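J.: predicted model follows, preceded by the sequence.
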Amino acid sequence: MPILTILAVNAAVSAIAFLVLWAVSLRTKDVSFIDAWWGPSMALLAWSTMLQGPHTPHGLLLTGLCTLWAARLGLYLLWRWRKHGADRRYVAIFAHYEKTKRWNFATTSLIIVFGLQAVLSYLVALPVQLGQGPGMLGGLAYAGAALTVVGILFETIGDAQLTAFKANPDNAGKVMDKGLWRYTRHPNYFGDACVWWGLYLIAAETGLGAWALPGPLLMTFLLTKWSGVPTTEGKMRKSKPGYEEYVARTSGFVPWFPKKG
């Protein structure tokens, strides 16, 4: 099947899934659960691509690794939403668009939340859509698979360490600077970046997959410049008295040994 046809089908499948979830949000009046769909939405695109063509080694590897990453991240974010309720970021977004544009809940959730995430996830997932071409696995694919596994482990361990830290009442108001958080302020985001650069390396080995470079570039931008690091650090600087000292000694993204003094 021509790649343009596959991409068009994928776009339709993704749009339908996001529209169904948007309809659910109209009943719940809460869109926070969409974060849990971020990973699975990309795994859906990987599966849709594989089911439309022959099952190639690269396709099986990309789909398997993407599904593993998406299942872990999706379940974790679903648990976090169920435990903590509505995300304050989305509450602020709705308040902003209601005040500035007079948009109601349905309009804001469709355009700013579900529509935007549908487009972003489709673009980020380009490696698992363009990289399922024919050919045997080679050194680049194995290197990409190793980087992807490292990324999944890195973010899994980081999230587990942070969850355990927050569960201890003695840590209320304190800054998490133990474990992986000693070497980077955002091990979860760094792990995500490793996953998508790893998937890109696997895809690039097929030739056509090399054109999927906007995917990992966009993911890195989202994590470091838009919805990841800036959002988290803005909140932490306001709520954690010792966060500035933590920032001064700890790498912002790529893990490195903390500065002394």
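T.: Now that the structure is in, tell me what you want to look at.

J.: when you work out contacts or count neighbours from here on, use the C-alpha atoms and nothing else.
T.: OK.

J.: for residue 84, what are phi and psi?
T.: When quoted as degrees, to the nearest 10, the phi and psi of residue 84 stand at phi -110, psi -10.

J.: how close does it get to residue 33?
T.: Distance, residue 84 to residue 33, by C-alpha to C-alpha, to the nearest Å: 11 Å.

J.: between the two, tell me which one has more neighbours.
T.: When residue 84 and residue 33 are compared for neighbours, residue 33 comes out ahead with 20 against 8, by other C-alpha atoms under 10 Å.

J.: and residue 82, how many residues sit next to it?
T.: For residue 82, the number of neighbouring residues by other C-alpha under 10 Å comes to 12.

J.: roughly how far apart are it and residue 35?
T.: Taking C-alpha to C-alpha, one finds residue 82 at 12 Å from residue 35.

J.: next one: residue 13
T.: Distance from residue 13 to residue 35, by C-alpha to C-alpha: 18 Å.

J.: which of these two has more neighbours?
T.: Neighbour comparison, residue 13 and residue 35: the larger count goes to residue 35, with 19 against 15 (by other C-alpha under 10 Å).

J.: give me the element residue 160 is part of.
T.: helix 139-167 (DSSP states H and E).

J.: repeat for residue 174
T.: Using DSSP H and E, residue 174 maps to neither a helix nor a strand.

J.: go on, residue 41?
T.: Taking DSSP H and E as the criterion, the element that holds residue 41 is helix 34-51.

J.: just checking, what packs against that helix?
T.: With contacts taken as 3 or more C-alpha pairs under 8 Å, 6 or more residues apart in numbering; DSSP states H and E, helix 34-51 sits against helix 3-28, helix 57-84, helix 116-124, helix 126-130.

J.: go through the lowest-mean-pLDDT helix or strand in the chain and flag the buried ones.
T.: When the helices and strands of the chain are compared on mean pLDDT, DSSP states H and E, helix 229-239 comes out lowest with a mean of 85. Across helix 229-239, burial judged by 16 or more other C-alpha atoms under 10 Å covers 229, 233.

J.: for the following helix or strand past it, which positions count as buried?
T.: Under the assignment DSSP H and E, the closest C-terminal helix or strand after helix 229-239 is helix 243-249. Under the neighbour-count criterion of 16+ other C-alpha under 10 Å, helix 243-249 has 243, 246, 249 buried.

J.: so, low pLDDT: which residues of this protein?
T.: In the predicted model of the chain, residues 261 satisfy pLDDT under 70.

J.: how about a cut-off of 90?
T.: Scanning the chain for pLDDT under 90 picks out the ranges 1, 53, 83-89, 172-173, 226-228, 230-242, 260-261.

J.: what about residue 191, which SS state?
T.: helix (DSSP: H, G, I helix; E, B strand; the rest coil).

J.: tell me who's in contact with it.
T.: 150, 151, 152, 153, 154, 155 (C-alpha atoms under 8 Å, 6 or more residues apart in numbering).

J.: how about the nearest residue to residue 153, chain neighbours excluded?
T.: Nearest non-adjacent residue to residue 153, counting by C-alpha to C-alpha, 6 or more residues apart in numbering: residue 191, 7.5 Å away.

J.: returning to that earlier point: and the least confident helix or strand of the chain, what does it pack against?
T.: Checking 3+ C-alpha pairs under 8 Å, 6+ apart, helix 229-239 ends up next to helix 243-249.

J.: can you give me how far the helix it packs on is from the chain middle?
T.: Taking the mean of its C-alpha atoms, helix 243-249 sits 25 Å from the chain's own mean (C-alpha atoms, centre = their mean, to the nearest Å).

J.: which helices and strands does it pack with?
T.: Contact here means 3+ C-alpha pairs under 8 Å, 6+ apart; on that basis helix 243-249 packs against helix 229-239.

J.: the helix it packs on: how far from the chain's middle?
T.: Centroid displacement of helix 229-239 relative to its chain, using C-alpha atoms, centre = their mean, is 18 Å.

J.: with only the CA atoms kept, save that helix in PDB.
T.: Taking Å, rounded to 0.1, in the frame of the first residue of the first chain, the C-alpha atoms of helix 229-239 are listed here in PDB:
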ATOM      1  CA  VAL A 229      10.500  21.500  31.400                       C
ATOM      2  CA  PRO A 230       9.200  25.100  31.300                       C
ATOM      3  CA  THR A 231       5.800  24.200  32.800                       C
ATOM      4  CA  THR A 232       7.200  22.000  35.500                       C
ATOM      5  CA  GLU A 233      10.000  24.400  36.500                       C
ATOM      6  CA  GLY A 234       7.700  27.400  36.600                       C
ATOM      7  CA  LYS A 235       5.500  25.700  39.100                       C
ATOM      8  CA  MET A 236       8.400  24.300  41.200                       C
ATOM      9  CA  ARG A 237      10.200  27.700  41.500                       C
ATOM     10  CA  LYS A 238       7.000  29.100  43.100                       C
ATOM     11  CA  SER A 239       6.200  26.200  45.400                       C
END
